[in-house]
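S.K.: My questions are about this predicted structure, shown below with the sequence.
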Amino acid sequence: MKYVVDTHALIWFLEGNPRLGAIALQILSDPSSQLILPAIVLAEAAWIVERGKTSIPSVTDLLNAINADPRVVIYPLDRVVIEQTLSLSPITEMHDRQIVATAIVLISQGETVRLLTCDQNITASGLVAIVW
């Protein structure tokens, strides 16, 4: 099982925010979890930190935390993900489409994947299995 991590899950886990779902917290705390971080999530998280919208002190701290975690694989925003994104019209936000597209691409490669998100638009789409 691989877990695609959305931006809220990443930020809330790193800052210890109680809004993080209990199951998501268990998964993100488990040293054996395989975590996939879409490149767009990393970019979005850096933007949020840079703007002071989180308790994470700096983008350097964010990147250091991610780099120090051997469970995390950063998945590229490549042509395959972009093409998959174009078919996800039930999801109205571009970044969310890219996150879901990453999960769908992994599934198409034979991976068992769950998406860690609380985003209602993603959840309501029913396009991928959600854990929160």
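M.R.: Right, received. Where do you want to start? Numbers count the residues shown, from 1 in each chain.
S.K.: Surely Ile99 and Ile36 touch.
M.R.: No - look at Ile99 against Ile36 with Cβ atoms under 8 Å: they stay out of range, at 9.9 Å. For the C-beta atoms, the positions are set from N, CA and C on the backbone; glycine is no exception.
S.K.: so where do the helices sit in the protein?
M.R.: Applying DSSP state H to the chain gives helices spanning 7-15, 22-29, 39-50, 59-67, 79-85, 94-108, 120-125.
S.K.: Return the set of buried residues in the fourth one.
M.R.: Using 16 or more other Cβ atoms under 10 Å as the test for burial, helix 59-67 gives 62, 66.
S.K.: Tell me which residues are up against it.
M.R.: Helix 59-67 is contacted from outside by 14, 37, 42, 45-46, 49-50, 56, 72, 74, using Cβ atoms under 8 Å, 6 or more residues apart in numbering.
S.K.: and if you look at the last one?
M.R.: The list of residues contacting helix 120-125 from outside it, by Cβ under 8 Å, 6+ apart, reads 6, 88, 90-93, 96, 99-100, 115, 117, 128, 130.
S.K.: go again using 6 Å as the cut-off
M.R.: Residues from elsewhere that reach helix 120-125 (Cβ atoms under 6 Å, 6 or more residues apart in numbering): 90-92, 96, 100, 130.
S.K.: With stretch 70-88 instead?
M.R.: Residues outside stretch 70-88 that contact it (Cβ under 6 Å, 6+ apart) are 33, 35-40, 66, 97-98, 100-102, 104-105.
S.K.: now for those, which pair is the farthest apart?
M.R.: Across the contacts of stretch 70-88, no pair lies farther apart than Ser33 and Arg97, at 24.3 Å, counting by Cβ to Cβ.
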